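Asker: From the sequence below, what's the structure:
(one chain, ligands or ions: 1)
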Amino acid sequence: MPEGHTIHRHARLHRRHLGGREVAVSSPQGRFARGAARLDGRRLENVDAHGKNLFYRWEGGDILHVHLGLVGKFRTHHGDPPPPTPGTRLAMQADGTTVYLAGPMTCELIDPIREEELRDRLGPDPLRADGSGAFAANLGRRAIGVGAALLDQSVVAGIGNVYRAEVLFLEGIHPDVPARSLRGEQVTALWRRLVAELRRGERSGRIVTVEPADVGARRRSALGRGERLYVYKRAGEPCRRCGTAVARWELAGRKIWACPACQPA
Ligand SMILES: [Zn+2]
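Answerer: Model (predicted):
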């Protein structure tokens with residue numbers, strides 16, 4: 001599932017290529033035909049992201065809410081686009097840029113009241129205005145492991161399975177430590193880490209958490225495919241910092257990875 005950095009990147013690029021323009025909107029698959037007909041030819045005023053949710057604001061007040069879910073995907077074409085695949089729920093086109101959306105969990109028109117309801121259920125988003133206070137308060141109310149809490153979108157919005165494993169490694173925190181037992185400075189450091197990592201991911205479009213020196217490289221851009229993460233999907237392999245075998249288990253229904261030595265329980 002795409003994590004928050006991908007969603008914010010989509011928002012930024014769609015704002016750049018489609019924002020401020022009258023957009024041709026259609027639903028090649030047909031499942032969003034009525035919504036598309038309502039938006040077709042209208043001006044897209046803004047695109048906003050909160051966690052894994054996208055909100056497209058249109059002239060006239062309609063809001064298009066998109067959540068990619070597990071398999072949803074955007075494809076962007078500049079110049080002549082290929083024909084849409086049969087599963088394309090939404091096509092948006094303006095000024096030579098075409099955006100296709102296939103397989104989303106949600107693609108619906110909503111009003112501002114519904115948007116507020118959706119947002120009320122979301123925790124702070126590290127890529128939006130500072131939410132460190134709300135993050136600390138939310139963790140303080142959870143007895144579950146911090147690894148489980150990070151995936152709860154009402155605690156913090158936009159974190160998925162890769163970032164949760166990687167930021168806990170980077171902060172030396174074991175995923176099973178109860179969220180509410182973290183010390184204040186640990187919570188502050190964890191929030192700052194989330195902000196820094198997601199910002200970098202948003203800019204580059206991929207998740208690279210490894211400090212180049214830890215794998216003998218000089219620059220992040222020089223890291224190979226198998227060198228970009230510390231623990232995610234590295235069960236049994238040596239920790240990049242201490243050599244201990246990376247452990248894997250289930251937490252909150254998803255697999256989690258950690259170094260037993262760098263992240264003591
Ligand atoms: Zn280690």
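Asker: what residues does the longest helix seen in the chain touch?
Answerer: Longest helix of the chain, by residue count under DSSP state H: helix 184-204. Helix 184-204 has contacts (C-beta atoms under 8 Å, 6 or more residues apart in numbering) with 3-6, 8-9, 12, 126-127, 131-132, 135-136, 139, 146, 156, 158-159, 163, 166-168, 170-171, 173, 182, 207-209. In short, each C-beta sits where N, CA and C put it, glycine included.
Asker: Select only the buried ones of those in ChimeraX?
Answerer: In ChimeraX syntax, the buried subset of these is picked out as below (16 or more other C-beta atoms under 10 Å):
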select :3,4,5,6,8,9,126,127,131,132,135,136,139,146,156,158,159,163,166,167,168,170,171,173,182,207,208,209
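Asker: Can you tell me which residue of the stretch 51-200 of the chain sits closest to the ion?
Answerer: In the stretch 51-200 of the chain, the residue that lies nearest the ion is Phe169 (7.9 Å; C-beta to the ion).
Asker: That residue in helix, strand or coil?
Answerer: At Phe169 the chain is in helix, as set by DSSP: H, G, I helix; E, B strand; the rest coil.
Asker: contacting residues for it?
Answerer: Thr209, Tyr230, Val231, Trp257, Ala258, Cys259, Cys262, Gln263.
Asker: re earlier: average model confidence for the longest helix of the chain?
Answerer: Mean pLDDT, computed over helix 184-204, is 97.
Asker: before we move on, what about stretch 35-52?
Answerer: Per-residue scores along stretch 35-52 average to 98.
Asker: next one: stretch 81-92
Answerer: 97.
Asker: chain center to that stretch, what's the gap?
Answerer: In terms of C-alpha atoms, centre = their mean, to the nearest Å, the gap separating the centre of stretch 81-92 from the centre of its chain is 23 Å.
Asker: Span of that stretch from start to end?
Answerer: 11 Å (C-alpha to C-alpha, to the nearest Å).
Asker: Flag every buried residue along it.
Answerer: Counting neighbours by 16+ other C-beta under 10 Å, stretch 81-92 gives Pro81, Pro84, Thr88, Arg89, Leu90, Ala91, Met92 as buried.
Asker: and the two most separated of these?
Answerer: Pairwise distances across those peak at 15.5 Å for Pro81 and Arg89 (criterion: C-beta to C-beta).
Asker: elements contacting the helix or strand hosting Ala49?
Answerer: Ala49 belongs to strand 44-50 when elements are defined using DSSP states H and E. Identification of packing neighbours for strand 44-50 by 3 or more C-beta pairs under 8 Å, 6 or more residues apart in numbering; DSSP states H and E yields helix 4-18, strand 53-58.
Asker: Specify the stretch among the ones you listed that is closest to the ion.
Answerer: The nearest among these, by C-beta to the ion, is helix 4-18 at 24.7 Å.
Asker: Work out the gap between the closest one and the centre of the chain.
Answerer: 11 Å.
Asker: Report the mean confidence score over that helix.
Answerer: 97.
Asker: That one vs strand 53-58, what angle?
Answerer: 20 degrees (axes from the mean of the first three to the mean of the last three C-alpha atoms, to 10 degrees).
Asker: residues from the stretch 151-265 of the chain in reach of the ion?
Answerer: Neighbours of the ion within the stretch 151-265 of the chain, by C-beta under 5 Å from the ion: Cys239, Arg241, Cys242, Thr244, Cys259, Ala261, Cys262.
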